[in-house]
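Participant: from the sequence below, what's the structure:
(chains A and B)
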Number of protein chains: 2
Amino acid sequence: VTGERLRDLGEWKLWRRLFPYLDGEGGCVLVGPGDDAAVLAPPAGRALVLTADAMVAGVHFDFALMTPDDVGWRLAAANLSDLAAMGATPLAAVVTAAAAGDTPAAVLEGVYAGARELARATGLLLVGGDSVGTPGPLTLTMAALGTVDATRVLRRDGAGPGEAVVLSGEMALSGAGYDVLTRRGEVAEGDVAYAALRRYRRPTPRLALGAALAAGGLATACIDTSDSVAESLTLLATASGIGITVDAAALPVARAAREAAASRGEEAVRYALAAGEDFELLFTVKPDRLAAALEAARAAGVTARAIGETTSRGGPVLLRTADGAEPLPPEGFRHF
Amino acid sequence: VTGERLRDLGEWKLWRRLFPYLDGEGGCVLVGPGDDAAVLAPPAGRALVLTADAMVAGVHFDFALMTPDDVGWRLAAANLSDLAAMGATPLAAVVTAAAAGDTPAAVLEGVYAGARELARATGLLLVGGDSVGTPGPLTLTMAALGTVDATRVLRRDGAGPGEAVVLSGEMALSGAGYDVLTRRGEVAEGDVAYAALRRYRRPTPRLALGAALAAGGLATACIDTSDSVAESLTLLATASGIGITVDAAALPVARAAREAAASRGEEAVRYALAAGEDFELLFTVKPDRLAAALEAARAAGVTARAIGETTSRGGPVLLRTADGAEPLPPEGFRHF
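Facilitator: Numbers count the residues shown, from 1 in each chain, chains lettered A, B, ... in the order given. I've put the predicted structure just below:
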């Protein structure tokens, strides 16, 4: 990437280049980007949902494997996935960037353009942010605001004993995409690994599924799988104070993930349980609502599958295989 | 600072140590920290105000001069000052931290404790955030949400010709505090520089003033002075499409700032115009509302002063001295 660098532009010229990727006044935006803060008219009678996620170059993304647009998309996807996990509808977001002075302005333009692309597709308005200098790696934060019917919020802590544990989508597509890129480089559209590559670069937050679960009162608890399915299972179980037993045979490990695991000499199920950044939803459903929940997922454009069941209060999180049940290691992305 | 480091704790043990500084469920918090996102019941009939600010260690703050608590306070102050400049009432915020693995957990605890201290004093709820690893310097972001009467929002672009330009507080206290600390080190409570030291470490966002200006319909435009008075004058004039002439003799340069400027061999007015991080409000008022605006400031606990007037549409921003009027350099904090 060439062209002008942030140091040459300064903050205000940079923002003039980023403004085209932001949402100006009109609709529910009463004051758009360029003031001290954005002002929004929220839909009446809804509760507000607030979340934030940070991503660091070289830690959470790699410009050798992703374009700036992919990075912006992923940043938006991580926030939108949090909104989806609450059953919320996206409203508006702000993006902050800490960037070195020699960063090409085109990198930040790409990040904002990619975030904007997913934001547009999901009804999220980008209404502002902040840009600051750093001697360190590019550090991006999005804070996103959504709305939800206060009586229908999806929480982590609502699961009871004897419920079905359901997972949307296929496991470890994003991780397999990363592995394939680092091992083989780009793959063509017909390749088994292509879907994995797409998931790694352009994950899909499950907003329609989250909204359908909330609207239908179908899920007793819900969490997204941003860090890993294993960690999400453990967090949901801990928050709800129940045990979970997962069936290894029922886990929907993506074909590309099986191949990636094999090429690393790892067992597919363990590889898939520890893989992050899929942004699927993991939720619990009372047995008599399971069929309705699976049908709601289909209607929302994603296949969901029962992968196990909740057990007694205070129980462990177990993985059931042909050899019996063993504790599930709460593996996931190591943050520090 | 000693004790456990982030790498030893991992993300979830870290959050358990940060939870005491966050606001749990109750009041308008429907879902508190620990879920995928926080859920809030907003006050009915108000517009939402959304802002975000980022700060980087070694760039925007210096642990040799400030405690982690001071840094957290300043992070909250920067966001609250943006809310004040819109006339908004604080509602809730999320804090994200990108930190190296060898960062003592006590540093983040201090940051959250300091942010919480100012948040409590101003009615801002801290409801969550995110913590991630970085090989770079500690990078902190707060995104804050406030509410405002949609018909009373303070904007940057509402000033017309022939209005008074008003500034709250004294100029360059924070900058003088930084200069004194780097030149002389700590100063005692009786010293002229003590107020400057306090402002540098514990700035006061002008929330009561902003709310009073909004409620009374007293200001036609408003901006905070986070980057510098010079930059704020330029941004307000540009947004409103008017000129401004500032009287050098009317500028309320703090005594400690005059001393700091003298010790650097700089002219006090230029030093004060370029100094940042005071978090005062700069606003425009129609002549017949000036007395009421100054009285509203007094009632809100801060002295405000007319420092000049707006001039014709498209006019320049000028500094009037005994020698005549000259263009005001739009100096401020250099971001990259």
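Participant: so which residues of chain A form strands?
Facilitator: Along chain A, counting by DSSP state E, strands occupy A:29-31, A:38-40, A:47-56, A:89-99, A:125-133, A:139-148, A:164-168, A:221-224, A:242-247, A:281-285, A:304-313, A:317-321, A:324-327.
Participant: surely A:Val29 is in contact with A:Asp23?
Facilitator: Yes - judged on CB atoms under 8 Å, A:Val29 makes contact with A:Asp23 at a distance of 5.7 Å. No exception for glycine: its C-beta is placed from N, CA and C like everyone else's.
Participant: mind listing the shared neighbours of these two?
Facilitator: Residues touching both A:Val29 and A:Asp23 by CB atoms under 8 Å, 6 or more residues apart in numbering or on different chains: A:92, A:125, A:127.
Participant: and these near chain B, which?
Facilitator: Near chain B, judged by CB under 8 Å from any CB of the partner chain, the entries from those are A:92, A:127.
Participant: how about JSON lines for the shared contacts of A:Val29 and A:Asp23, with pLDDT added?
Facilitator: Below are the shared contacts of A:Val29 and A:Asp23 laid out as JSON lines (pLDDT from 0 to 100):
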{"residue": "A:Ala92", "pLDDT": "98"}
{"residue": "A:Leu125", "pLDDT": "98"}
{"residue": "A:Val127", "pLDDT": "97"}
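Participant: and the residue of chain A closest to chain B?
Facilitator: A:Gly136 (1.9 Å; CB to the nearest CB).
Participant: so where's the stretch 51-200 of chain A uncertain?
Facilitator: Along the stretch 51-200 of chain A, no part satisfies pLDDT under 70.
Participant: ok, how many other residues are close to the closest residue to A:Phe61 other than its chain neighbours?
Facilitator: Ranked by CB to CB, 6 or more residues apart in numbering or on different chains and with sequence neighbours excluded, the top spatial neighbour of A:Phe61 is A:Val71, at 4.9 Å. The number of residues packed near A:Val71 is 25, by other CB atoms under 10 Å in any protein chain shown.
Participant: mind checking how far A:Val71 is from A:Gly58?
Facilitator: Relative to A:Gly58, A:Val71 is positioned 12 Å away (CB to CB, to the nearest Å).
Participant: next one: A:Ala325
Facilitator: Summarising the geometry, the distance separating A:Ala325 from A:Gly58, computed by CB to CB, is 39 Å.
Participant: what's near enough to touch the closest residue to A:Val165 other than its chain neighbours?
Facilitator: Take A:Val165 and drop its neighbours on the chain: the residue closest to it by CB to CB, 6+ apart is A:Gly308, 4.5 Å away. Applying CB under 8 Å, 6+ apart, one finds that A:Gly308 lies in contact with A:164-165, A:244-247, A:250, A:320.
Participant: ok, A:Leu145 next?
Facilitator: For A:Leu145, the contacting residues are A:40, A:48-50, A:91-93, B:48, B:50, B:145, by CB under 8 Å, 6+ apart.
Participant: for it, list each beta-bridge partner.
Facilitator: Applying DSSP bridges to A:Leu145 gives these bridge partners: A:Leu50, A:Ala92.
Participant: buried subset of the contacts of A:Leu145?
Facilitator: Burial by neighbour count, 16 or more other CB atoms under 10 Å in any protein chain shown: within those this picks out A:40, A:48-50, A:91-93, B:48, B:50, B:145.
Participant: with distance to B:Met66 added, can I get the residues you listed in TSV?
Facilitator: What follows is the buried ones among the contacts of A:Leu145, written out as TSV (distance: CB to CB, whole Å):
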residue	distance to B:Met66
A:Leu40	33
A:Leu48	32
A:Val49	33
A:Leu50	27
A:Leu91	35
A:Ala92	32
A:Ala93	30
B:Leu48	31
B:Leu50	27
B:Leu145	26
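Participant: quick one: the helices in chain A?
Facilitator: Secondary structure of chain A, counting by DSSP state H: helices at A:6-18, A:68-85, A:105-122, A:173-184, A:194-201, A:207-215, A:229-240, A:255-263, A:268-274, A:290-299.
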